[in-house]
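Participant: Provided below for reference: sequence and predicted model.
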Number of protein chains: 2
Amino acid sequence: MLASPTVENYLKAIYQGQSALADGQHVPMGQLAAALGVVPGTATTMVKALAESGLVSYEPYVGVRLTVAGEKLAVMVLRRHRLVELFLVQVMGMNWTEVHDEAEHLEHAVSDRLIQRIDAMLGHPQVDPHGDPIPDASGTVDRHEYHSLLTCPLNTRVTVTRVLDQNPTFLKFIEDCALMPGRAVEVTTRDTAADSVSVKTPDRTVTMGARAASKLLVQLETNPI
Amino acid sequence: MLASPTVENYLKAIYQGQSALADGQHVPMGQLAAALGVVPGTATTMVKALAESGLVSYEPYVGVRLTVAGEKLAVMVLRRHRLVELFLVQVMGMNWTEVHDEAEHLEHAVSDRLIQRIDAMLGHPQVDPHGDPIPDASGTVDRHEYHSLLTCPLNTRVTVTRVLDQNPTFLKFIEDCALMPGRAVEVTTRDTAADSVSVKTPDRTVTMGARAASKLLVQLETNPI
DNA sequence: TTGGAGATTTTGACTAATCAAAATATAATA
DNA sequence: TATTATATTTTGATTAGTCAAAATCTCCAA
Ligand SMILES: [Mn+2]
Ligand SMILES: [Mn+2]
Ligand SMILES: [Mn+2]
Ligand SMILES: [Mn+2]
């Protein structure tokens, strides 16, 4: 049951590829290879080995899918990753734009004992600095649907809850626009032709591409009675 | 200049083997292999590779020694290891008897940026929880001679400053005897025939083997004027 | 000075992870 | 349906790290 960093990274990448897909769908090998920064042939070889150890189910020319055992492991890697990220921000005072890369390494090095202490110290948090849900110790992960700035209603106050991109440059852009998780904003216009979305923040109005807008998940503000 | 965890562990082990030796001496392959938990042939192969990359100088049938470049790297690994240990004790509230194994992994995963923050958060500490000196950011490491409970004067108050064994069981024993770094104690008797040393603590008198006694380094208490 | 005894090195083999490039399968297009 | 484009798998090779066991070296003692 001792997974190498490489195996953990594969499982995590498959999990994340899967979570963007419909239930029971397979993650294509090309996408997996790209996500891991390896050549397609490498992914094929590794995935066949993972299938051999019962962590994934693999269908040639179709793709790969986590088994129950594989998903259990993947979720625990994700838990470690996200708890570490939040710890680095809250306790170590690091910037939320730079903790992802650090966590990418630490997620393979922290013991269960340490992760338990981090979890307790942070008060068993629900989400990480990017709004990604933190699986609990039993492996249960909050999974609820969100709108994005691309799909939410117009001229309605919404709260940014999650950013689906860990690229530091993108995150810095989001920070500059005051669009980090927790901020209340309002989509004023969407221009299909220009492929753009305009968002009003308390400070100003920002216009961004649809691709960027789709990476910002939001929740409709619930009006108190 | 990117050393793998394995290379870092080899350099660290050579450094530690070296520090028990006279200047310019070589660490024998057998000792190195034992310290790393590998078979002698493996150590030979690896050391030849390290020599190839200029990190060590290797003399067949004699042993291995760090070059300046190798020592620089080794010291940085040691710095990370010890800062992490102290962090785990001071900030995370872990027991000093259990942080070594955790640090053994984390030392390869923490970035310079993070280690810098840890160092600052701890106030640029001089020693880790076991009394081992922490090299500073430039790689300078405090190296001064100590007595041990085996060599210090009898019936004289001394302060335990360092424990030269990371084994949790041994550390727990030290803790139980109230002989952790910082404690003031006094060696009452040494029995060469019985190979034992008796130490008086504020609470009681403990008798231990010479081997154990030699692992507890002490400093003579400086009498204030 | 001649055996060992014990330490060290060699040799051959193995696993994990990777790439380049050729071969093949699938999907899309004409 | 035949052809082309794209995705995937195979094949052959490489690097890091390791072990088992045979070969070799060093050094001490008889
Ligand atoms: Mn990772
Ligand atoms: Mn995150
Ligand atoms: Mn280590
Ligand atoms: Mn220590």
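Facilitator: Received it, and whenever you're ready, just let me know what you need. This structure is a prediction, so every number in the text was calculated from the model and none was measured. Ligands and ions are numbered 1, 2, ... in the order given.

Participant: okay, buried residues for the helix ranked longest in chain A please.
Facilitator: The longest helix of chain A (DSSP state H) is helix A:68-90. For helix A:68-90, the buried set under the neighbour-count rule, 16 or more other C-beta atoms under 10 Å in any protein chain shown, comprises A:70-71, A:73-90. For every residue, glycine as well, the C-beta is placed using N, CA and C.

Participant: again with stretch A:183-203
Facilitator: A:183, A:185-187, A:190, A:197-200.

Participant: A:Gln18: what's it in contact with?
Facilitator: Residues in contact with A:Gln18 (C-beta atoms under 8 Å, 6 or more residues apart in numbering or on different chains) are A:25, A:27, A:65-66.

Participant: out of those, who's the most crowded?
Facilitator: A:Val27 (25 neighbours; other C-beta atoms under 10 Å in any protein chain shown).

Participant: what's around the closest residue to that one other than its chain neighbours, how many residues?
Facilitator: Leaving aside its chain neighbours, A:Val27 sits nearest to A:Gly17 (3.7 Å; criterion: C-beta to C-beta, 6 or more residues apart in numbering or on different chains). If you count neighbours by other C-beta under 10 Å, A:Gly17 ends up with 21.

Participant: what's the offset of the helix or strand containing A:Gly17 from the middle of its chain?
Facilitator: Assigned by DSSP states H and E, A:Gly17 falls within helix A:5-19. In terms of C-alpha atoms, centre = their mean, to the nearest Å, the centre of helix A:5-19 is set 12 Å apart from its chain centre.

Participant: and for the helix or strand that it is followed by, what's in contact with it?
Facilitator: Downstream of helix A:5-19, the first helix or strand assigned by DSSP H and E is helix A:29-36. Helix A:29-36 has contacts (C-beta under 8 Å, 6+ apart) with A:9-10, A:13-14, A:16-17, A:39-40, A:42-44, A:47, A:63-64.

Participant: drop anything exposed from the residues you listed.
Facilitator: So, by 16+ other C-beta under 10 Å, the buried ones in those are A:9-10, A:13-14, A:17, A:43-44, A:47, A:63-64.

Participant: which one of those residues is nearest to A:Val110?
Facilitator: Nearest to A:Val110 out of the buried ones among the contacts of helix A:29-36 is A:Asn9 (C-beta to C-beta; 15.1 Å).

Participant: tell me the domain ranges of chain A?
Facilitator: Using automatic domain parsing, the domain parsing of chain A gives A:5-66, A:147-220.

Participant: does any bit of the longest one sit next to ligand 2?
Facilitator: I take that to be domain A:147-220. No: judged by C-beta under 5 Å from the ion, domain A:147-220 and ligand 2 are separated, with a smallest distance of 6.2 Å.

Participant: circling back to that earlier point, now do the longest helix of chain A: which elements does it pack against?
Facilitator: If you count contacts as 3 or more C-beta pairs under 8 Å, 6 or more residues apart in numbering or on different chains; DSSP states H and E, helix A:68-90 packs onto helix A:5-19, helix A:99-106, helix A:112-121.

Participant: now do the contacts for the residue lying closest to A:Leu171 once chain neighbours are set aside.
Facilitator: Distances taken as C-beta to C-beta, 6+ apart place A:Thr97 nearest to A:Leu171, at 3.9 Å, with adjacent residues excluded. Counting by C-beta under 8 Å, 6+ apart, A:Thr97 makes contact with A:168, A:171-172, A:175.

Participant: contacts for stretch A:119-132, please.
Facilitator: Contacts with stretch A:119-132, where a contact means C-beta under 8 Å, 6+ apart, come from A:81-83, A:85-87, A:89-91, A:96, A:99-100, A:133-134, A:136-137, A:142, A:160-163, A:166, A:171, A:181, A:217, B:92.

Participant: tell me how far it is from the chain's mean position?
Facilitator: Relative to its chain's centre, stretch A:119-132 lies at 14 Å (C-alpha atoms, centre = their mean).

Participant: just give me the neighbour total for the residue of chain A found nearest chain B.
Facilitator: Closest residue of chain A to chain B, C-beta to the nearest C-beta: A:Ala109 (3.8 Å). Residues lying near A:Ala109 (other C-beta under 10 Å) number 21.

Participant: please report how far the closest residue to A:His81 other than its chain neighbours lies from A:Leu88.
Facilitator: Nearest residue to A:His81, sequence neighbours excluded (C-beta to C-beta, 6+ apart): A:Glu107, at 4.2 Å. Separation of A:Glu107 from A:Leu88 (C-beta to C-beta, to the nearest Å): 12 Å.

Participant: does DNA strand C have contacts with the helix holding A:Gly17?
Facilitator: Yes: counting by C-beta under 7 Å from any atom of the strand, DNA strand C has neighbours in helix A:5-19: A:5-7.

Participant: quick one: low-confidence parts of chain A?
Facilitator: Within chain A, the ranges that satisfy pLDDT under 70 run A:223-225.

Participant: thought A:Met46 was touching A:Thr6?
Facilitator: Yes: at 7.5 Å, A:Met46 and A:Thr6 qualify as touching, with contact defined as C-beta atoms under 8 Å.

Participant: having no further points to raise, I will conclude here.
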